[in-house]
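*Asks:* Give me a model of this one.
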Amino acid sequence: MKRGLLLVDHGSRREQANAVLVQVAEIIRRQSDFAVVHYAHMEIAEPTVAQGFDACVADGAREIIVHPYFLAPGDHYNDTVPRLVAEAAARHPDVRWTITAPLGIHAKLCEVVLERVEAAVDGR
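*Replies:* Modelled structure (predicted):
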């Protein structure tokens, strides 16, 4: 079964902010075994969650793993994203899907924080 990964962030009016998820998707395409990788913005910008889900299906995915590219499990993670994904998936009843946990607490994220702090201090 061909699996797809759909990365979802909040979405922003600032194109620079939206471009981050595009770059994350490109890195994941190169570093993973996923046959299909797409991204979507929960609101404000396109592609929407429905458009991203449809793109995964159009590329042949029959199982879609949705990753909320959020730091914490807030309202968007618990309510908005599941609702948007369920609505998008309803048009594709033959496609399996699941939603992962958000980034959350992870030692590797803490390493990144420390790298950013060190870079800011070194750059003074």
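*Asks:* count of neighbours near Val81?
*Replies:* Neighbourhood size, Val81 [other CB atoms under 10 Å]: 22. Just so you know, the C-beta spots here come from the backbone N, C-alpha and C atoms, and that holds for glycine as well.
*Asks:* Give the next helix or strand downstream of the lowest-mean-pLDDT helix or strand in the chain.
*Replies:* In the chain, the helix or strand scored least confidently by mean pLDDT, DSSP states H and E is helix 75, which has a mean of 90. Toward the C-terminus, helix 75 is succeeded by helix 81-89 as the next helix or strand (DSSP states H and E).
*Asks:* elements contacting that following helix?
*Replies:* helix 49-58, strand 63-68, strand 96-99 (3 or more CB pairs under 8 Å, 6 or more residues apart in numbering; DSSP states H and E).
*Asks:* So which bits of it are buried?
*Replies:* By neighbour count with 16 or more other CB atoms under 10 Å, helix 81-89 contains the buried residues Val81, Leu84, Val85, Ala88, Ala89.
*Asks:* Could you do stretch 17-28 as well?
*Replies:* For stretch 17-28, a neighbour-count test (16+ other CB under 10 Å) marks Asn18, Leu21, Val24, Ala25 as buried.
*Asks:* Please list the outside residues in contact with it.
*Replies:* Leu5, Leu7, Asp9, Gly11, Ser12, Phe34, Val37, His38, Tyr39, His41, Ala45, Tyr69 (CB atoms under 8 Å, 6 or more residues apart in numbering).
*Asks:* possible to save the buried residues of stretch 17-28 as JSON lines with distance to Val113 and pLDDT?
*Replies:* Below are the buried residues of stretch 17-28 laid out as JSON lines (distance: CB to CB, whole Å; pLDDT from 0 to 100):
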{"residue": "Asn18", "distance to Val113": "23", "pLDDT": "96"}
{"residue": "Leu21", "distance to Val113": "19", "pLDDT": "97"}
{"residue": "Val24", "distance to Val113": "17", "pLDDT": "98"}
{"residue": "Ala25", "distance to Val113": "22", "pLDDT": "98"}
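*Asks:* Out of the residues you listed, list just those in helices.
*Replies:* Asn18, Leu21, Val24, Ala25 (DSSP state H).
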